[in-house]
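Chemist: here's a sequence, model it:
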Amino acid sequence: MILGIGVDVVDLARFERAVGRTPGLRERIFTPAERDLPLRSLAGRFAAKEALIKAIGDSSGVRWHDMEVVSNGLGNPSFVLHNAVAKITAALGIEHIHLSMSHDAGIAIAYVVVEK
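Modeler: Just a heads-up that it's a prediction; the model follows:
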């Protein structure tokens, strides 16, 4: 059963300006494993984290590092959840999180579906 759906879109040029003028932004939002990716990939991961919060409908006590976007050997993205997000999803009975990300034409988009 679908519990929630979330989507988020990030303007790549705006994201690049934000990262350029705020040196600590990468460290604040992204885990060490995510930080050195190209900006378009970081924008997609930022959108994914925002979309996940929308899909679960609760951001109580959540920190950006509580949601880590990883890719398998085929490049398919998924989440590794920590701390507050792991507790929220467990409390909601979420069994699976579907994630799709893309970037093109100056935007990055992420779509998340959570199931229980």
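Chemist: helix/strand/coil for the residue nearest the centre of the chain?
Modeler: The centroid of the chain falls nearest to Lys49 when counting by Cα atoms, centre = their mean (2.3 Å). On the three-state scheme (DSSP: H, G, I helix; E, B strand; the rest coil), Lys49 is labelled helix.
Chemist: residues in contact with it?
Modeler: Contacts for Lys49 were tallied using Cβ atoms under 8 Å, 6 or more residues apart in numbering; they are Ile29, Trp64, Met67, Val69. The C-beta positions use only the backbone N, C-alpha and C, and glycine is treated the same way.
Chemist: leaving aside the residues adjacent along the chain, what's closest to Met67?
Modeler: Computed as Cβ to Cβ, 6 or more residues apart in numbering, the closest residue to Met67 that is not its neighbour in sequence is Lys49, at 4.6 Å.
Chemist: and the one you found, what pLDDT?
Modeler: For Lys49, the pLDDT comes out at 98.
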